[in-house]
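In: next one to model:
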Amino acid sequence: MPRRREGRLVDLEVDILGAGIELQAEDGDFYGFALAKRIADRSEASALTAHGTLYKALGRLAERGLVESAWEDPGIAAAEGRPRRRLYRVTGAGAAACRAEIEQRTAPALSPRSAFA
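Out: Modelled structure (predicted):
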């Protein structure tokens, strides 16, 4: 995995924030498996992101205040006959960080020659 530059997001974090923003716009809070599936769908990947990798990245994003999470109501999970889900939400800071990272990556680089012209 490439080294992280201070204040920058790695590719997986950009993918998580981008997919999370999409899911949030459609359904509100989202959970890990839906997020992994959306990332795979967006990148046309044949496999889902490894769950251990995904949840570690979500933890890093939460520590930086870019996503927040909470456990869903146990009654909802019980009514659907499944375990509770941890629900995630991209914060305003997370959406801004994602936009800024994408802009930095797509901005044309100045050539050394044009800097002195």
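In: if I look at residue 109, what pLDDT would I see?
Out: According to the prediction, residue 109 has pLDDT 69.
In: ah, wrong one, I meant residue 104
Out: Value listed for residue 104 in the pLDDT field: 89.
In: how many residues are close by it?
Out: As a burial measure, residue 104 scores 10 neighbours (other Cβ atoms under 10 Å). C-beta here means a position set from N, CA and C on the backbone, and glycine is covered the same way.
In: name the residues of the host helix or strand of it that are buried.
Out: Under DSSP states H and E, the secondary-structure element containing residue 104 is helix 92-106. When burial is assessed from 16 or more other Cβ atoms under 10 Å, helix 92-106 yields the following buried residues: 94, 95, 97, 98, 101.
In: run the angle between the helix or strand hosting residue 58 and helix 92-106 for me.
Out: Applying DSSP H and E as the criterion places residue 58 in helix 51-63. Comparing the axes of helix 51-63 and helix 92-106 via axes from the mean of the first three to the mean of the last three Cα atoms, to 10 degrees yields an angle of 110 degrees.
In: which elements pack onto the helix holding residue 104?
Out: With contacts defined as 3 or more Cβ pairs under 8 Å, 6 or more residues apart in numbering; DSSP states H and E, the packing partners of helix 92-106 are helix 11-27.
In: next structured bit after the helix it packs on?
Out: strand 30-31.
In: listing partners with orientation, what would you give for that next one?
Out: Here the strand partners of strand 30-31, with direction, are listed using DSSP bridges: strand 86-90 (antiparallel).
In: buried residues, the partner strand. List them.
Out: Buried positions in strand 86-90, judged by neighbour count with 16+ other Cβ under 10 Å: 87, 88, 90.
In: which one of those residues sits closest to residue 105?
Out: Lowest distance from residue 105 to the buried residues of strand 86-90 (Cβ to Cβ) belongs to residue 90, with 18.3 Å.
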